[in-house]
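A.B. asks: only the shape, not the letters, is given here:
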Ligand code: SF4
């Protein structure tokens, strides 16, 4: 997993609430058995004028120039600004893979759906929660000033605007630690293999039926 | 201290806990399907890791499988979509090399993962159940702690039998009193989502209770818990009672003999203590719930079939009003339009929300003796599993549908997410018994209205939405 320490980047605003994972990456691309290559089809239905299929050359498809990701001023953006309940719906981790493959390193929104939120941390994508008012003011600032960048410092848990305003954000200690170090949590969990075995032994006594059948 | 049902299951599964509350939670049952697992198996291989406890896993292809007879049979050879074929073959190969119990496409037990788990007795009360699919909340109907996980977590559970989790908060949704005739579990859960919103349950495990919930069959309870995720909650739960235990008894994976006696004794405690405290409590009056129809592109955009399409201009919250406007444009609807005047092009009866035998019976009761309206291009019934299909056929329900002009298909997710050939064309409007009406969910540009199986069948027969209770009056 990629480490996340300090990141400065261009912000792209997606002004909709309840953006669901079907919108982030439409189902036809979930047929892939790989973890990469989802970037060109991020927000596919909104981004292109015609519907796409896996295996197409997406660089040849006509773009919907109204869609924010296609506007020249937001090219190269790495921070996505969004509204409430971002990432709702399906558990597909492909949504996170599509965002990171596109180059997004952090999302800022007032709230997220739980599964998406979890999936993000597993892939080095930082989902930051800021208050609705703060997010609102960021939307205004981004649209009024071309090239608007934010600096995100995970260690300090701070987002800094170009004019020097600082917004603090919360993050779980454990998740922060994993992100800062770029740690694989399977390896971490397996350090507790003894505890898992002990638990299993105890449970076999308490609830043997859970271990009885196939 | 008094505990909720969620607290009890949580406590019984904590392997260890960090100071900040991050816990290792033991997982009893892991359900696997073809879409969210290939990258997890690949990860295991790359790291040279094996499965921690392969007997905990049950695998089935469902999302991508074709539902026409022509494409089924003879293994995966019949699948005409080459990319889907690779994905399903990948699951087969992974299950073979990791020695996982899989119900493949030709197995009569194959079906939608959330239908077959309970059907086999693989989902038991008090278990922790996970699957790389958000509708894993379905299994909470059995007093199990069940939730969807992402692919990284699938890999984590495969390798460690645990999930890294923080405890959620407790919410109680109580549906008090009884619903009227013609009002189903689907209407109850849609009404709940309309009340608390699609993000209302975020961060919570929701326990559903109240007389109207207790009165439901296991099928109905599964429908309710299935859509907990549509209210933002990863997990929905319902306390164990006689209905639960009766349903499980004798199923292939259920405990037998002395183990059965021991198990049911333990399961009797799987309910919230009388004085347990919930972080939030929501109450609904069952008698006020009418058959529901969604009008927008989020499940919370829902009204009674006898209402009109809401007006964004009346919504004071600017962001909300804006998304209502966007939804109306996408759905091709006008504010103020009566819902029962909206006509449909296609009808889909299926999905892990409503494809169990009871759902099929409910739809068949409406379809019986009727004819699909000429204006409806396609009405399809997709049973949730091979066993549901077999049961329905034994009851002659396939004939009821076929005589009325519906298509009767092979089991799978089908048009719930339209990964296979079953999908809407741009602009087409569908009455669907599935769980998501997101933009493009059933096909790009497609317009989905979520309803109960009875309401979907009624829309097929009349060509538009109609209060099933009125249909009853007309037909005597
Ligand atoms: S039926 Fe629909 S919601 Fe259920 S598992 Fe399949 S795709 Fe997901």
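C.D. replies: Great, that's in hand. Because the structure is a prediction, the values reported are computed rather than measured.
A.B. asks: next, the buried residues of the strand or helix carrying residue A:197.
C.D. replies: Element membership for residue A:197 (DSSP states H and E) is helix A:193-206. Neighbour-count burial for helix A:193-206, counted by 16 or more other C-beta atoms under 10 Å in any protein chain shown, picks out A:196, A:199-200, A:203. In this view, the C-beta of every residue, glycine as well, is placed from N, C-alpha and C.
A.B. asks: ok, the closest residue to residue A:32 other than its chain neighbours - contacts?
C.D. replies: Spatial nearest neighbour of residue A:32, excluding adjacent residues (C-beta to C-beta, 6 or more residues apart in numbering or on different chains): residue A:54 at 6.4 Å. Residue A:54 is in contact with A:28-29, A:31-32, B:83, counting by C-beta atoms under 8 Å, 6 or more residues apart in numbering or on different chains.
A.B. asks: got JSON lines for the buried residues of helix A:193-206, with distance to the ligand and pLDDT too?
C.D. replies: Converted to JSON lines, the buried residues of helix A:193-206 look like this (distance: C-beta to the nearest ligand atom, whole Å; pLDDT from 0 to 100):
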{"residue": "A:196", "distance to the ligand": "29", "pLDDT": "98"}
{"residue": "A:199", "distance to the ligand": "30", "pLDDT": "98"}
{"residue": "A:200", "distance to the ligand": "29", "pLDDT": "98"}
{"residue": "A:203", "distance to the ligand": "29", "pLDDT": "97"}
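A.B. asks: give me the neighbour count for the closest residue to the ligand within chain A.
C.D. replies: Distances between chain A and the ligand by C-beta to the nearest ligand atom are smallest at residue A:90, namely 7.1 Å. Close neighbours of residue A:90, defined as other C-beta atoms under 10 Å in any protein chain shown, add up to 30.
A.B. asks: and what of residue A:2?
C.D. replies: 10.
A.B. asks: work out for me the element it sits within.
C.D. replies: Here residue A:2 is assigned to no helix or strand, by DSSP H and E.
A.B. asks: phi first, then psi, for it.
C.D. replies: phi -70, psi 140 (degrees, to the nearest 10).
A.B. asks: and the pLDDT at it?
C.D. replies: Residue A:2 carries a pLDDT value of 78.
A.B. asks: before we move on, what about residue B:5?
C.D. replies: 98.
A.B. asks: in what helix or strand does the spatially closest residue to it that is not a sequence neighbour lie?
C.D. replies: In this structure, residue B:5 finds its nearest non-sequential neighbour in residue B:272, 4.8 Å apart by C-beta to C-beta, 6+ apart. Residue B:272 is part of no helix or strand when elements are defined by DSSP H and E.
A.B. asks: which residues touch residue B:272?
C.D. replies: B:3-5, B:172, B:207, B:209, B:239.
A.B. asks: and the residue nearest to residue B:245 when sequence neighbours are not counted, how many neighbours does it have?
C.D. replies: In this structure, residue B:245 finds its nearest non-sequential neighbour in residue B:264, 5.7 Å apart by C-beta to C-beta, 6+ apart. Residue B:264 has 17 neighbouring residues, counting by other C-beta under 10 Å.
A.B. asks: is it true that residue B:264 lies in a strand?
C.D. replies: No: if the criterion is DSSP: H, G, I helix; E, B strand; the rest coil, then residue B:264 is helix and not within a strand.
A.B. asks: and it, what pLDDT?
C.D. replies: 97.
A.B. asks: equivalent analysis for residue B:474, please.
C.D. replies: For residue B:474, the pLDDT comes out at 52.
A.B. asks: would you list every one of the helices in chain A?
C.D. replies: A:21-24, A:44-47, A:94-102, A:114-121, A:132-144, A:173-181, A:185-190, A:193-206 (DSSP state H).
A.B. asks: show residues contacting the third one.
C.D. replies: With contact meaning C-beta under 8 Å, 6+ apart, helix A:94-102 is reached by A:2, A:21, A:24-25, A:29-30, A:32, A:35-42, A:80, A:87, A:107, A:116, A:119-120, A:122-125, B:150-151.
A.B. asks: count of residues packed around the closest residue to residue A:120 other than its chain neighbours?
C.D. replies: Spatial nearest neighbour of residue A:120, chain neighbours left out: residue A:127 (4.6 Å); criterion: C-beta to C-beta, 6+ apart. Neighbourhood size, residue A:127 [other C-beta under 10 Å]: 25.
A.B. asks: over to residue A:76?
C.D. replies: Counted with other C-beta under 10 Å, residue A:76 comes out at 9.
A.B. asks: which of the contacts of residue A:54 fall in strands?
C.D. replies: Judged by DSSP state E, strands contain none of those.
A.B. asks: I'd say the residue nearest to residue B:245 and residue B:244 touch.
C.D. replies: No: between residue B:264 and residue B:244 there is no contact, the gap being 9.7 Å when judged by C-beta atoms under 8 Å.
A.B. asks: out of the helices of chain A, which gets nearest to residue A:12?
C.D. replies: helix A:132-144 (7.9 Å; C-beta to C-beta).
A.B. asks: buried residues in that closest one?
C.D. replies: In helix A:132-144, counting by 16+ other C-beta under 10 Å, buried: A:134-135, A:138-139, A:141-142.
A.B. asks: elements contacting it?
C.D. replies: If contacts are counted by 3 or more C-beta pairs under 8 Å, 6 or more residues apart in numbering or on different chains; DSSP states H and E, helix A:132-144 sits against strand A:6-13, strand A:79-81, strand A:106-109.
A.B. asks: any idea which of those strands is most buried?
C.D. replies: strand A:79-81 (a mean of 26; mean count of other C-beta atoms under 10 Å in any protein chain shown).
A.B. asks: list the contacts of residue B:417.
C.D. replies: So residue B:417 contacts A:22, A:27, A:90, B:63, B:434, B:436, B:441-442 (C-beta under 8 Å, 6+ apart).
A.B. asks: Serialize those to TSV and add fields for distance to residue A:207.
C.D. replies: Shown next, in TSV, are the contacts of residue B:417 (distance: C-beta to C-beta, whole Å):
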residue	distance to residue A:207
A:22	38
A:27	38
A:90	32
B:63	32
B:434	35
B:436	35
B:441	39
B:442	41
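A.B. asks: which one of those residues sits closest to residue B:398?
C.D. replies: For these, the nearest to residue B:398 is residue B:434 (20.6 Å; C-beta to C-beta).
A.B. asks: coming back round to it: any chance of the helices and strands packed on helix A:132-144 in a markdown table, plus mean pLDDT and distance to residue B:36?
C.D. replies: Output for the helices and strands packed on helix A:132-144, formatted as a markdown table (pLDDT from 0 to 100; distance: least, C-beta to C-beta, whole Å):
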| stretch | mean pLDDT | distance to residue B:36 |
| --- | --- | --- |
| strand A:6-13 | 98 | 27 |
| strand A:79-81 | 98 | 23 |
| strand A:106-109 | 98 | 21 |
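A.B. asks: columns distance to the ligand on top of those, output as a markdown table?
C.D. replies: Shown next, in a markdown table, are the helices and strands packed on helix A:132-144 (distance: least, C-beta to the nearest ligand atom, whole Å):
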| stretch | distance to the ligand |
| --- | --- |
| strand A:6-13 | 29 |
| strand A:79-81 | 25 |
| strand A:106-109 | 24 |
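A.B. asks: the ones you listed: which one's closest to chain B?
C.D. replies: Nearest of these to chain B, taken as C-beta to the nearest C-beta: strand A:106-109 at 11.2 Å.
A.B. asks: next, work out how far apart the most centrally placed residue in chain B and the ligand are.
C.D. replies: By C-alpha atoms, centre = their mean, chain B has its centre lying nearest to residue B:353, at 3.3 Å. Distance from residue B:353 to the ligand, counting by C-beta to the nearest ligand atom, to the nearest Å: 7 Å.
A.B. asks: swap in residue B:363?
C.D. replies: 16 Å.
A.B. asks: anything in stretch B:6-25 near chain A?
C.D. replies: Yes: Stretch B:6-25 reaches chain A (C-beta under 8 Å from any C-beta of the partner chain) through B:12, B:15-16, B:18-20, B:22, B:24.
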